[in-house]
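Student: sequence first, predicted coordinates after that:
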Amino acid sequence: MAVTTIKSTYSLDVETVRTLESLARRWNVSKSEVLRRAIRAAAEEKSPRARRKLEALRQLQASVKRRGVDLAAWEREIRATRDAAWRKRLSEFDDPS
């Protein structure tokens, strides 16, 4: 199956070109293939912001585990509080006095 390619021109510093050539030799592929792989790898990396968010979630989960928080009980309590607030709000509409 033919792959469509587009010829492009880029200016690279000497050290980058040497690294590109070295990788091409080590991987036994063309310099274009090295660039394609590098671009794909960079695109697949999570952004720093996404990594920070994921790390914050992991820290929260670890903290909850360390503290022995009963998440099921916490969820029941929150749900009951919300339900009570909702019932109160509905009753205010039923009794406009």
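Tutor: Arrived safely.
Student: so the residue positioned nearest the centre of the chain is in which element?
Tutor: The C-alpha lying nearest the average C-alpha coordinate of the chain belongs to A50 (Cα atoms, centre = their mean; 4.0 Å). Using DSSP states H and E, A50 maps to helix 48-67.
Student: sec struct for K88, please.
Tutor: When classified by DSSP: H, G, I helix; E, B strand; the rest coil, K88 comes out as helix.
Student: and it, how many neighbours?
Tutor: Using other Cβ atoms under 10 Å, K88 has 9 neighbouring residues. C-beta here means a position set from N, CA and C on the backbone, and glycine is covered the same way.
Student: how far away is the residue nearest to the centre of the chain from A56?
Tutor: 11 Å (Cβ to Cβ, to the nearest Å).
Student: residues shared between the contacts of these two?
Tutor: By Cβ atoms under 8 Å, 6 or more residues apart in numbering, A50 and A56 have no common neighbours.
Student: measure the closest residue to L12 other than its chain neighbours to D94 for me?
Tutor: Distances taken as Cβ to Cβ, 6 or more residues apart in numbering put L20 closest to L12, at 7.1 Å, once the chain neighbours are dropped. Distance, L20 to D94, by Cβ to Cβ: 73 Å.
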